[in-house]
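Visitor: This is the structure alone, sequence omitted:
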């Protein structure tokens with residue numbers, strides 16, 4: 001288990017710093033995107049799966065393109 005502190009930023013938001021060793025072990029780099037998942041016990045930080053992101057974007061594009069047809073089918 002690793003402890004860290006939420007650091008206050010100028011705009012009032014907070015930043016969580018992850019130790020270099022943890023970043024290296026998880027193959028994360030500065031600038032990588034993380035999902036923040038709220039649970040009853042706290043939060044989970046999970047790297048964004050770029051393949052999943054691409055699939056979700058493709059699904060949104062299809063839903064936008066065929067919105068009227070999908071609405072008819074949903075009735």
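Guide: Ah, there it is. Since the model is a prediction, treat every value here as computed from it, not as a measurement. Numbers count the residues shown, from 1 in each chain.

Visitor: what ranges do the helices span in this structure?
Guide: In the chain, the helices defined using DSSP state H lie at 20-25, 50-65, 67-74.

Visitor: do you know which of those lies nearest residue 32?
Guide: Residue 32 lies closest, by CB to CB, to one member of those: helix 20-25, at 8.7 Å. Every residue, glycine included, has its C-beta placed from N, CA and C.

Visitor: Just name whatever secondary elements that closest one is in contact with.
Guide: Using 3 or more CB pairs under 8 Å, 6 or more residues apart in numbering; DSSP states H and E as the contact definition, helix 20-25 packs against no other helix or strand.

Visitor: What's the mean pLDDT across it?
Guide: For helix 20-25, mean pLDDT rounds to 92.

Visitor: Quick one: residues in contact with it.
Guide: If you take CB atoms under 8 Å, 6 or more residues apart in numbering as the criterion, helix 20-25 is touched by 2, 28, 29, 30.

Visitor: where does this structure have its least confident helix or strand?
Guide: Among the helices and strands of the chain, helix 50-65 carries the lowest confidence by mean pLDDT, DSSP states H and E, at a mean of 84.
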